[in-house]
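Participant: I need the structure of the sequence given here:
(one chain, ligands or ions: 1)
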Amino acid sequence: PYAGPSAEEVLEKRRKFMNPAMFLYYKKPLNIVEGKMQYLYDESGKRYLDAFAGIVTVSVGHCHPEVVQAVIKQTELLQHTTTIYLHHAVADYAEALAAKMPGNLKVVFFVNSGSEANDMAMLMARLYTKSYDIVALRNAYHGMSPSTMGLTAHSTWKYSVPQGFGVHHVLNPDPYRGPFGADGKLYANDIANLIESATPGKVAGFFAETIQGVGGAVELAQGYLPAAYEIIRNAGGLCIADEVQTGFGRTGSHYWGFETQDVLPDIVTMAKGIGNGLPLAAVVTTPEIASVLAERLFFNTYGGNPVCSAAGHAVLKILDKEQRQQHCATVGNHLLARLRALQDKYELIGNVRGRGLMLGVEFVTDRVAKTPAKNETMMVMERMKDLGVLVGKGGRHGNALRIKPPMCFTLEDADFLVDALDHSLSTL
Ligand code: PMP
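Facilitator: Numbers count the residues shown, from 1 in each chain. Down below sits the predicted model:
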């Protein structure tokens, strides 16, 4: 059994010695001391079904034995040198990752976080096109570095410092709350309008998540990305897909989120699930676009280190071996069907959405006015935690549950989650 410090002791140290901007879930914060596949354990040994996966980061399962082994093996042999020397683990992994990409997306750069990956994508788009303006979506989250904070479109994550020069946010193609409903093409007109009125007529690029993660699992209206990509390319821009949350088969129907809208991006950024919890991220693009970075030297101390590369490579192999994409489709469809049935039972559930194991449930106090039920959302989360199920929260109004478990989540786990949600709603 766990013999370390209690939640109260950790909390006190955190308050005293750590950044006060950090936020916690739950009135009585959880002290998680162990993880195994889709389960987490607190200090008392209580088991929780994890349906949020460390904010969609643990892809193949907490402490998946094959990832653990790959990390141990590489750690014992060599931890770090940087890319000034050769190392096969990094090159082998780049080859394996490139093999997962469609089209000519064949050149990989490794970095350490999603923010860094999007920073690099932004830089490459600007260098390649020799334009500066960038289009992003409202309700997007692309990071918190000084430049990605400008791409992100949530006031919660924006400090009042100069940021986002040249970034313009267009209408979000949100089928539930957007003015044009599920008609993706109509929303894309806003991009054309923006380019005409707010830019020199040329842009460097366009960023989008296919299902907005932090934004509350909002799946972009179908037809949006093909229309948006066409408009952007006509204005000389590159199309960038942020696959930090939607990649690696999580959507079930496809390996990459952008494939659900049948588009081929020029640059793809990845993080989170790519390393199953290790600090790893990647930017993948075409040889032609990648060559612009060679105008200068590029260096990143930890990017592409052997240990994270070994973990990332293990993740790719496990996803294939355990057929996780197919599994996400099966379990996700079952979850969606059961959540939709629950929607018939509770007026509070305004919208159920998403794909695979990337789902959202939005709570409203009035279905017609779509009034966000923020307090109820917090109460449901607390109750589910007491019943042993951890879910996430998100969306502009903080009224959407985010269900994004490790990809080993089973049909039985899905049933347990929905039963816990049902019970929580019934006792509100
Ligand atoms: N893009 C998306 C879609 C994300 O969800 C996040 C993190 N929530 C990021 C980028 C930034 O990643 P990181 O926190 O690793 O910088």
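Participant: any idea where the helices of the stretch 101-250 of the chain begin and end?
Facilitator: 114-129, 146-151, 184-198, 224-234 (DSSP state H, counting those that start in this stretch).
Participant: Quick one: closest of those helices to Ala414.
Facilitator: helix 114-129 (27.0 Å; C-beta to C-beta). Where you see a C-beta, it was placed from the backbone N, CA and C, and this is true even at glycine.
Participant: Residue numbers of this protein in contact with the ligand?
Facilitator: 55, 113-115, 118, 141-143, 209, 213-214, 242, 244-245, 271 (C-beta under 6 Å from any ligand atom).
Participant: In three-state terms, label Ile72 for me.
Facilitator: helix (DSSP: H, G, I helix; E, B strand; the rest coil).
Participant: Mean neighbour count, the helices of the stretch 101-250 of the chain: which tops it?
Facilitator: Among these, helix 114-129 has the highest mean neighbour count (mean count of other C-beta atoms under 10 Å), at a mean of 24.
Participant: count of neighbours near Ala3?
Facilitator: 6 (other C-beta atoms under 10 Å).
Participant: Just say helix, strand or coil for it.
Facilitator: Relying on three-state DSSP, one would call Ala3 coil.
Participant: Mind pulling up the pLDDT for it?
Facilitator: Per-residue confidence for Ala3 comes out at a pLDDT of 94.
Participant: ok and the residue in the stretch 251-400 of the chain nearest the ligand?
Facilitator: Nearest residue of the stretch 251-400 of the chain to the ligand, counting by C-beta to the nearest ligand atom: Ala271, 4.6 Å away.
Participant: residues near Gln326, how many?
Facilitator: By other C-beta under 10 Å, neighbour count at Gln326 equals 13.
Participant: State the distance from the nearest residue to it once chain neighbours are set aside to Gln325.
Facilitator: By the measure of C-beta to C-beta, 6 or more residues apart in numbering, the closest residue to Gln326 outside its immediate chain neighbours is Gly252, 7.6 Å from it. Per C-beta to C-beta, to the nearest Å, Gly252 is found 6 Å from Gln325.
Participant: So for those two, which sits in the more crowded spot?
Facilitator: Gly252 (24 against 19).
Participant: Does the more buried one touch Gln323 like I think?
Facilitator: No: Gly252 is beyond contact range of Gln323, at 11.3 Å (criterion: C-beta atoms under 8 Å).
Participant: Regarding this protein, what is its longest strand?
Facilitator: In the chain, taking DSSP state E as the definition, the longest strand is strand 358-366.
Participant: Could you pull up the residues touching the residue nearest to Gln326?
Facilitator: 325-326, 328-330, 332-333, 355-357 (C-beta atoms under 8 Å, 6 or more residues apart in numbering).
Participant: For the residue of the stretch 51-200 of the chain found nearest the ligand, which residues are in contact?
Facilitator: Closest residue of the stretch 51-200 of the chain to the ligand, C-beta to the nearest ligand atom: Gly114 (2.3 Å). Neighbouring residues of Gly114 by C-beta under 8 Å, 6+ apart: 142-143, 242, 244, 269-272, 281.
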